[in-house]
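Student: here is my input; please provide its structure:
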Amino acid sequence: MKDVQSGRIDSYRRDFLRKTGAIGIMSTFGIGFFTGCAEDTDPTGRNPTTTPPTSGTNGITVANNVVTVDLAVATALAEAGGWTLIPQARVLLVNTGSNNINALTSVCTHSGCDRNWTFSNNRFTCTCHNSRFNTDGSLVNGPAASPLRTYTVTRNGNIVTVNLSS
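Tutor: Below you'll find the predicted structure:
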């Protein structure tokens with residue numbers, strides 16, 4: 001009888017340790033560590049802005065291969081060093097200073113990741129495999145072997161227009 005009860009206690013103990021161990025690991029590393037999801041943040045603490053499809057309430061509108069940004073509303077992008085990821089357009093926008101906005105594809109040329117980006121020291125990093133690109137899309141280091149595609153950007157006052165078919 002003692003062996004049966006001892007076996008049952010060992011079984012409960014194993015279940016308890018297995019469940020609490022998994023919870024402990026997830027709370028230490030975060031669920032994103034296990035799912036492969038990267039957080040869209042930048043190490044300097046500035047978060048990129050993202051926008052839902054064809055939304056104008058945040059100053060960014062996407063329609064017919066054109067992205068329109070009102071810098072009076074999308075104020076993070078209005079400042080030098082500000083950037084945004086627009087997932088439904090698969091585009092990265094960055095303010096490089098002196099009233100210049102660059103537009104790049106957010107599709108990494110290494111493996112096609114399009115939502116896992118950070119920006120620091122004037123460089124974009126695709127956090128899928130750590131390829132780095134300059135704000136003009138040129139490749140800094142791989143594993144990517146080619147630069148990011150760039151798009152034509154026009155600016156009229158606070159209105160920035162990106163033509164995604166150029």
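Student: distance of Ser120 relative to Leu71?
Tutor: Ser120 is 22 Å from Leu71, where distance means CB to CB, to the nearest Å. Quick note: C-beta positions are derived from backbone N, CA and C, even for glycine.
Student: measure Asn100 to Ser131 for me?
Tutor: For Asn100, the distance to Ser131 - CB to CB - is 23 Å.
Student: how does the protein divide into domains?
Tutor: In terms of domains, the chain is parsed into 2-35, 60-163 (source: automatic domain parsing).
Student: export those as JSON lines, with columns for mean neighbour count.
Tutor: Below are the domains of the chain laid out as JSON lines (neighbours: other CB atoms under 10 Å):
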{"stretch": "domain 2-35", "mean neighbour count": "10"}
{"stretch": "domain 60-163", "mean neighbour count": "17"}
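Student: rank those by pLDDT, which is bottom?
Tutor: Confidence, taken as mean pLDDT, is least for domain 2-35 of the domains of the chain (a mean of 52).
Student: where do the strands sit along this protein?
Tutor: Per DSSP state E, the chain carries strands over the ranges 60-63, 66-70, 83-86, 91-97, 100-105, 117-120, 123-126, 131-134, 139-141, 150-156, 159-163.
Student: in TSV, list these along with distance to Ala76.
Tutor: Below are these laid out as TSV (distance: least, CB to CB, whole Å):
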stretch	distance to Ala76
strand 60-63	11
strand 66-70	11
strand 83-86	7
strand 91-97	9
strand 100-105	12
strand 117-120	11
strand 123-126	16
strand 131-134	20
strand 139-141	24
strand 150-156	16
strand 159-163	13
